[in-house]
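Colleague: prediction below, plus the sequence it came from.
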Amino acid sequence: MPVVNRIAEFAEDMTAWRRHLHAHPELALDCYETAAFVVERLREMGVNEIHEGIARTGVVALIRGQGDGPTTGLRADMDALPMQEATGLDHASTVPGRMHACGHDGHTTMLLGAARYLAETRNFAGTVALIFQPAEEAIGGGRIMVEEGMMERFGIDEVYALHTDPFATLGEFRTRPGPLMAAVDEWRITITGVGGHAAYPSTCRDPMMAALGIGQALQTIVARSSDPLDPLVVSITQIHGGSAMNVIPETVTLAGTVRSFSPTNRDLAEARITEIVAGQAASYGVTAKVDYQRNYPPTVNHADQTTKAADIAAEIVGADRVDRDYPPEMGAEDFSYMLEERPGAFLFLGQGIGPSVHHPEFDFNDEAAPIGASFFARLIERLQPVS
C-alpha cells in the first residue's frame, strides 16, 4: 500500500508548513512560536482537545475515534540547534545562529499531516495522542513531559516516533527490537596545580601534563576494561587551559562524552573515569575534580511494538524497504524516556542520501513527509481498528 491518497493531496500544504518552521527555528524549551503554529494548525483541523504548556512549550492534542479503545501516542520533536545554516535556500533560517539541522521541522510536519488525516477520517477506535515535544537537543524535553505526568494524564498505552535519516534512500525504514540508540553521559574534569613561569617548571605542579596523562589513560577504559562485545565509547571533546606561551597555567579542564547500551558499561565508565583521574592526579601532584552527569538513557524498542510498526511500514513502502534488524547507533534520543514508561518503537525514515544531521548544509527532504504521515496514520488505523 503506497502513501495514503488523501495525505498526498495536501502534500503541498505540508511542504509550506515545514518550510515555515525551518525558517523560524527555536531552541530547547523556548519553542513558543513553533508551538503556537502547531496549535493553530490543530485548531483548523478540529482535533478534540489541545493541551499546552507541558514542559513549558510542549503540546499534547487528542483526536477521538469511533467508540472505546486504547490511546496511542505519536511523538514529534520541535526544537532546532544553535548553529549557523549554510544551505542558501529560500526557506533558510531567518535567525542567526539557529537552524533546523536535525529534521525536527520535518518530524513536526509529518505528525501534523497525520493529524489532519486522522481528524478528517476518524477511522479508528479509541484515541490518538499527538505529542509535540520541545528540547530534544538540549535538556531532554521528553524526560520533562514524562516527569510532568503526561502518560498518566492522557492514558497513553503505547508510543511511537520517527526520525529522518539522510544516510538511507527515500522511503526506507530502519529499526530493530531492543537497543537502537545509546545512552549518553557527559563528564568534565577540572585539574588544579600550581602555575608559574614556563622557564622554571620545577617550581610548578603542571596541570597540563596531568591532563595529557589523564587523556591517554581514559582510552584504556574501552581498550582494556570493557567487554569488547558490549559497545562503549569514551570521547574527549574539549581541553581548555593556558593563556600565554611562557606561562604554566593553574588549571586545565577536560570534557567529553560516554556512549553505552548496557547498565554494566554505563556504571563501568563512570567508575573507571573517577578512579583513573584520582590515580593520575596523585601521580602528577595535582588535584582533580570529576563532574559526571548521566543524561539520556538508551533508546530501547519493545519487541512486539517494533514488529507491528515494521509491518505497517512495509504496507507503505514494501517489505524490501524495511530493515528490521538495523545495527544500533551510538547517537542518543530522549524518546528513550517515553519508551521507559510505555511500550513502543522508534524508527528511522530515509530521506535520501545527503548532508548529515547536525551539518550546516542539512535540510529535511519534503518528499519524505507524506511517507511519514502515512505511516503514523496507518499505524493508528491498524492498531486501533473500528469494531
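Modeller: Nice, I can see it.

Colleague: CA only for contacts and neighbour counts going forward, please
Modeller: Will do.

Colleague: grab the most central residue of this protein for me.
Modeller: The residue lying closest to the centre of the chain (CA atoms, centre = their mean) is residue 333, at 3.2 Å.

Colleague: so that one, which of the three states?
Modeller: Following DSSP: H, G, I helix; E, B strand; the rest coil, residue 333 is assigned to coil.

Colleague: was I right to think residue 156 contacts residue 73?
Modeller: Yes: contact between residue 156 and residue 73 holds when scored by CA atoms under 8 Å: they sit 6.0 Å apart.

Colleague: so what's the residue nearest to the centre of the chain scoring on pLDDT?
Modeller: Per-residue pLDDT puts residue 333 at 97.

Colleague: contacts only, for it.
Modeller: When contacts are counted by CA atoms under 8 Å, 6 or more residues apart in numbering, residue 333 is found next to 136, 181, 182, 296, 298, 299.

Colleague: which of these fall in strands?
Modeller: 181, 299 (DSSP state E).

Colleague: could I get the contacting residues of the residue nearest to residue 368 when sequence neighbours are not counted?
Modeller: Nearest in space to residue 368, with sequence neighbours left out and distances taken as CA to CA, 6 or more residues apart in numbering, is residue 351 at 5.6 Å. Residue 351 makes contact with 164-172, 364-365, 367-368, according to CA under 8 Å, 6+ apart.

Colleague: what subset of those is buried?
Modeller: Neighbour-count burial (16 or more other CA atoms under 10 Å) applied to those gives 164, 165, 166, 167, 168, 170, 171, 172, 364, 365, 367, 368.

Colleague: relative to residue 99, how far out is the fourth one?
Modeller: Okay, so that is residue 167. To residue 99, residue 167 is 20 Å away according to CA to CA, to the nearest Å.

Colleague: same question for the second one.
Modeller: Residue 165 sits at a distance of 17 Å from residue 99 (criterion: CA to CA).

Colleague: cool, and the last one?
Modeller: If you measure residue 368 against residue 99 using CA to CA, the figure is 19 Å.

Colleague: what of the first one?
Modeller: Relative to residue 99, residue 164 is positioned 16 Å away (CA to CA).

Colleague: residue 361 too?
Modeller: Counting by CA to CA, the separation of residue 361 from residue 99 is 10 Å.

Colleague: now the common contact residues for those two.
Modeller: Counting by CA under 8 Å, 6+ apart, the residues touching both residue 361 and residue 99 are residue 85.

Colleague: comparing the two, which shows the higher neighbour count?
Modeller: When residue 361 and residue 99 are compared for neighbours, residue 99 comes out ahead with 33 against 18, by other CA atoms under 10 Å.

Colleague: show me the contacts for the more buried one.
Modeller: Contacts of residue 99 (CA under 8 Å, 6+ apart): 22, 23, 25, 80, 81, 82, 83, 84, 85, 92, 93, 360.

Colleague: among these, which one lies nearest to residue 42?
Modeller: Nearest to residue 42 out of the contacts of residue 99 is residue 22 (CA to CA; 18.5 Å).

Colleague: how much space between that closest one and residue 362?
Modeller: The spacing between residue 22 and residue 362, counted by CA to CA, is 11 Å.

Colleague: residue boundaries of the strands in the stretch 51-200 of the chain?
Modeller: In the stretch 51-200 of the chain, strands defined by DSSP state E, counting those that start in this stretch lie at 58-64, 71-77, 127-133, 158-165, 173-174, 178-181, 183-192, 196-197, listed in chain order.

Colleague: what's the angle from the first one to strand 71-77?
Modeller: Think strand 58-64. Compare the direction of strand 58-64 with that of strand 71-77 by axes from the mean of the first three to the mean of the last three CA atoms, to 10 degrees and you get 140 degrees.

Colleague: check the longest one too.
Modeller: Direction vectors for strand 183-192 and strand 71-77, defined by the same axes, to 10 degrees, enclose an angle of 40 degrees.

Colleague: which other helices and strands contact strand 183-192?
Modeller: Contacts defined by 3 or more CA pairs under 8 Å, 6 or more residues apart in numbering; DSSP states H and E place strand 183-192 against helix 207-218, strand 251-260, strand 287-294.

Colleague: re earlier: okay, residue 22 and residue 362: which has more neighbours?
Modeller: Neighbours of residue 22 and residue 362, each counted by other CA under 10 Å, are more numerous for residue 22; the result is 26 against 20.

Colleague: return the residues in contact with that one.
Modeller: For residue 22, the contacting residues are 91, 92, 93, 99, 100, 105, by CA under 8 Å, 6+ apart.

Colleague: try it again at 6 Å.
Modeller: Applying CA atoms under 6 Å, 6 or more residues apart in numbering, we find residue 22 in contact with 100, 105.

Colleague: so what touches the longest helix seen in the chain?
Modeller: Ordering each helix of the chain by length in residues (DSSP state H) puts helix 263-284 first. Identification of contacts with helix 263-284 by CA under 6 Å, 6+ apart yields 210, 260, 287.

Colleague: mind putting these in JSON lines, neighbour count, distance to residue 6 and pLDDT included?
Modeller: Below are the contacts of helix 263-284 laid out as JSON lines (neighbours: other CA atoms under 10 Å; distance: CA to CA, whole Å; pLDDT from 0 to 100):
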{"residue": "210", "neighbour count": "25", "distance to residue 6": "64", "pLDDT": "98"}
{"residue": "260", "neighbour count": "26", "distance to residue 6": "42", "pLDDT": "98"}
{"residue": "287", "neighbour count": "20", "distance to residue 6": "65", "pLDDT": "98"}
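
Colleague: residue 221: which of the residues you listed is nearest?
Modeller: After measuring those against residue 221 - CA to CA - the closest member comes out as residue 260, at 12.3 Å.
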